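In: Structure of the sequence below:
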Amino acid sequence: MDWVISDELSLTVGTVVGWVSAGAMIIGGVLPYIPQYRQIRKTKDAEGFSLLVCLALLVANTLRIMFWFGKHFEYPLLIQSLIMNVTMFLMIHLCVRVRNRNQLLQARQRIFTDFDAKFFWNWSDFQSYIDCMLVFTIVASLLMYLFIDYIVFVEIVGFLAVFTEAMLGTPQLVKNHRNKSTEGMSLSMVVMWTCGDIFKTMYFLLREAPVQFWVCGSIQVVVDLLILLQVFIYRGNTEPQRGGGPHRGGLSGYHLDARRGLPPQGEGERRGGNPEREKRG
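Out: I've put the predicted structure just below:
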């Protein structure tokens, strides 16, 4: 009798843990963008947030959805991609609206159907971003429909989906290396990245997700750990960065510093003068 109760209890606990983990996977990816959305809405300034972040995540999650049709994986990961795409469109809508309101002079309207490469993903209206992703989704869907029986093609789509997302942390890594400093970078933000990516990778492994998921998740963890290593290596260098704070795929320093109540990166340098020019003088 005791072992029956024990088995039922373990089954119940295991079920609860499974549901909690799945829920964390579904909403965990969008949580960091909630304070960003609120900050942009509050300050009416979207200059600190790069829409390239949205582009990368929209492409990555759209490809992941296409990959699901070629090789089914569990539903929480599919739902996560759908919710992330909705979140990115909400971010784009807010940024475009704020940017248009802040224009002092009425600039020429740039839309997707202009087909001007110089203004790609820098259009004046929200509809252009929807049109672009609609075209991308149609093309990706057509290719998946035509080549769904080719395992190599399906696996490549899956790899591109998660690899695109895995590379979002590399701009910060490169920036730290070039500046030989992590001054101004939010350490707590990087720690949150690392913890989230470790949890995500462990989830992929335990739930036996396709190999692309945990391989690229591991890449994200490695990038996060390298950034933390840079914090230790460059700890003695307190010179301010030329760029901004931490970002994944183009999130500049103004946005993150605004969240901490600090002035935009570069403003302090303008107030205090340029050290290099003072040395020359």
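
In: So which residues make contact with stretch 84-92?
Out: 29-30, 33, 36-37, 49, 51, 54, 57-58, 61-62, 126, 129-130 (Cβ atoms under 8 Å, 6 or more residues apart in numbering). In short, each C-beta sits where N, CA and C put it, glycine included.

In: Report the separation between Ile26 and Tyr203.
Out: 11 Å (Cβ to Cβ, to the nearest Å).

In: which parts of stretch 208-227 are buried?
Out: 209-210, 212-214, 216-221, 223-224, 226-227 (16 or more other Cβ atoms under 10 Å).

In: could you give me the average pLDDT of it?
Out: Mean pLDDT, stretch 208-227: 88.

In: any residues touching it, and which ones?
Out: 67, 71, 73-74, 77, 155, 158-159, 161-163, 165-170, 172-173, 176, 182, 190, 193-194, 197-198, 200-201, 203-205, 246.

In: ok, 6 Å please
Out: Here stretch 208-227 makes contact (Cβ atoms under 6 Å, 6 or more residues apart in numbering) with 73, 158-159, 162-163, 166, 169, 173, 190, 193-194, 197-198, 200-201, 204-205.

In: Out of those residues, which end up buried?
Out: 73, 158-159, 162-163, 166, 169, 173, 190, 193-194, 197-198, 200-201, 204.

In: where's Glu208, which helix or strand?
Out: Under the criterion DSSP states H and E, no helix or strand holds Glu208.

In: next one: Val190
Out: With DSSP H and E as the criterion, the answer for Val190 is helix 187-206.

In: again, but for Met84
Out: Secondary structure from DSSP H and E places Met84 in helix 75-101.

In: now that helix against helix 187-206, angle please.
Out: Counting by axes from the mean of the first three to the mean of the last three Cα atoms, to 10 degrees, helix 75-101 points 150 degrees away from the direction of helix 187-206.

In: got the phi/psi numbers for the residue nearest to Phe119 when sequence neighbours are not counted?
Out: Distance criterion Cβ to Cβ, 6 or more residues apart in numbering; nearest residue to Phe119, sequence neighbours excluded, is Arg110 at 4.4 Å. With angles defined as degrees, to the nearest 10, Arg110 sits at phi -110, psi 120.

In: Please name the residues that touch Arg110.
Out: Going by Cβ under 6 Å, 6+ apart, Arg110 touches 119, 123-124.

In: In ChimeraX, select just the buried ones from the residues you listed.
Out: Listed next is the ChimeraX selection for buried residues among the contacts of Arg110, using 16+ other Cβ under 10 Å:
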select :123,124
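
In: Flag the shaky bits of the stretch 1-150 of the chain, pLDDT-wise.
Out: 1-11, 13-14, 48, 104-107 (pLDDT under 70).

In: how does it look with 50?
Out: Along the stretch 1-150 of the chain, segments meeting pLDDT under 50 span 4.

In: Next: the stretch 151-281 of the chain.
Out: In the stretch 151-281 of the chain, residues with pLDDT under 50: 240-245, 249-281.

In: all helices for it, in order.
Out: 151-166, 170-179, 187-206, 211-233, 253-259, 267-272, 275-280 (DSSP state H, counting those that start in this stretch).

In: can you redo these as a markdown table with distance to Val16?
Out: A markdown table is the format used below for those (distance: least, Cβ to Cβ, whole Å):
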| stretch | distance to Val16 |
| --- | --- |
| helix 151-166 | 28 |
| helix 170-179 | 36 |
| helix 187-206 | 15 |
| helix 211-233 | 23 |
| helix 253-259 | 34 |
| helix 267-272 | 49 |
| helix 275-280 | 57 |
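
In: Of those helices, which is nearest Leu94?
Out: Leu94 sits nearest to helix 253-259 of all the helices of the stretch 151-281 of the chain, at 12.7 Å, using Cβ to Cβ.

In: And Leu134, how close does it get to Asn85?
Out: Leu134 is 12 Å from Asn85, by Cβ to Cβ.

In: between the two, which one's more packed in?
Out: Neighbour count, other Cβ atoms under 10 Å: between Leu134 and Asn85, Asn85 has more, with 20 against 12.

In: Alright, that wraps it up for me.
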